[in-house]
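**Q** make a model of this:
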Amino acid sequence: MEKVILIIPAYNEEKNILKTVRNVEKYNKENKTNYDLIVINDGSTDNTQKILEENNIPHINLIHNLGIGGAVQTGYKYAFINNYDIAIQFDGDGQHDVKYVEKLIKPIIENNVDLVIGSRFLEKDSSKFKSTFIRRIGIRFISLLTNICAGKRITDTTSGFRAANKNVIKEFAIDYPIDSPEPASFVTITKNGYTSKEVAVSMNEREGGKSSVTSNIWKPIYYMINVSLSIIVTGFKTRRVK
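**A** Model prediction:
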């Protein structure tokens with residue numbers, strides 16, 4: 001049986017993190033699964049660390065806020081050191097549903113796919129929550145840019161709900177983009193010859209707290225510019241494996 005871990009990055013998630021973890025624990029108990037988890041507390045300034053400690057939740061406390069990329073890479077390093085077969089990126093804000101983990105890991109187990117991405121857009125109405133109209137337009141633009149640079153079509157390039165096999169775990173543990181990492185890392189993985197697949201998933205709306213992307217008016221603009229540059233630079237510097 002494959003050894004599976006959920007990497008849960010958390011920055012100021014005091015309103016969501018306990019429920020997120022309890023949902024995973026409940027799912028394990030009801031479905032007789034054994035998904036491990038590790039919460040990466042990314043320098044939170046609220047009560048996230050206190051909640052993790054008081055409830056004996058497996059976690060790593062980062063002294064400084066490294067951003068989503070740094071937190072996720074820490075999780076991949078942990079997965080690599082502890083010899084996990086599959087690592088799942090799983091948001092700490094409640095947007096990802098643990099019942100789709102089985103669907104994410106199935107192509108890795110059965111078809112030797114290296115990276116599986118949970119998509120909100122692969123099937124019509126597969127996910128009730130697709131964020132705001134403006135953000136969906138941004139996602140489509142980023143997807144188009146990613147498709148051009150990677151040479152492979154992907155519908156939900158900004159999805160943080162992903163499953164990686166041992167080979168990709170090792171790659172991400174060594175090198176992972178810091179800001180807006182999902183599109184750039186997809187370009188790198190694809191051009192380095194790894195296989196990938198999308199599966200349709202449904203995502204939930206954040207129940208509490210604020211998204212780091214939409215916390216102020218300039219964040220979405222910064223996000224678009226930053227991620228676009230990251231994709232382009234990654235596309236140029238990464239050679240495609242023949």
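**Q** so where's this structure uncertain?
**A** Low-confidence segments of the chain, defined by pLDDT under 70: 124-136, 179, 206-220, 238-242.
**Q** residue nearest the centroid of it?
**A** G160 (2.8 Å; Cα atoms, centre = their mean).
**Q** surely that residue touches E182?
**A** Yes: using Cβ atoms under 8 Å, G160 and E182 qualify as a contacting pair, with a distance of 5.9 Å. In this view, the C-beta of every residue, glycine as well, is placed from N, C-alpha and C.
**Q** show me what stretch 95-108 is in contact with.
**A** Contacts with stretch 95-108, where a contact means Cβ atoms under 8 Å, 6 or more residues apart in numbering, come from 2, 4, 6, 23-24, 27, 33, 35, 86, 88, 90, 113-114, 116, 118, 129, 160-163, 165, 197, 199, 201-206.
**Q** what subset of those is buried?
**A** 4, 6, 24, 27, 35, 86, 88, 90, 113-114, 116, 118, 160-163, 165, 197, 199, 201-203, 206 (16 or more other Cβ atoms under 10 Å).
**Q** next, the spatially closest residue to N34 that is not a sequence neighbour: phi, psi?
**A** Excluding the flanking residues, the one nearest N34 by Cβ to Cβ, 6 or more residues apart in numbering is N28, at 6.3 Å. Per-residue torsions, N28: phi -60, psi -40 (degrees, to the nearest 10).
**Q** burial of N28, as a residue count?
**A** N28 sits with 15 neighbouring residues when counted by other Cβ atoms under 10 Å.
**Q** thought it was touching Y35?
**A** Yes: taking contacts as Cβ under 8 Å, N28 lies within contact range of Y35: 5.9 Å.
**Q** pull the CA atoms of stretch 21-36 into PDB?
**A** Taking C-alpha atoms only, stretch 21-36 is exported to PDB below (Å, rounded to 0.1, in the frame of the first residue of the first chain):
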ATOM      1  CA  VAL A  21      -7.500  18.600  10.000                       C
ATOM      2  CA  ARG A  22     -10.600  17.000  11.700                       C
ATOM      3  CA  ASN A  23     -12.200  16.500   8.300                       C
ATOM      4  CA  VAL A  24      -9.200  14.500   7.200                       C
ATOM      5  CA  GLU A  25      -9.200  12.500  10.400                       C
ATOM      6  CA  LYS A  26     -12.900  11.800  10.100                       C
ATOM      7  CA  TYR A  27     -12.500  10.700   6.500                       C
ATOM      8  CA  ASN A  28      -9.700   8.300   7.500                       C
ATOM      9  CA  LYS A  29     -11.800   6.700  10.200                       C
ATOM     10  CA  GLU A  30     -15.000   6.400   8.100                       C
ATOM     11  CA  ASN A  31     -13.200   5.100   5.000                       C
ATOM     12  CA  LYS A  32     -10.400   3.100   6.600                       C
ATOM     13  CA  THR A  33      -7.800   5.100   4.800                       C
ATOM     14  CA  ASN A  34      -4.500   6.100   6.300                       C
ATOM     15  CA  TYR A  35      -3.600   9.500   4.900                       C
ATOM     16  CA  ASP A  36      -0.900  11.200   7.000                       C
END
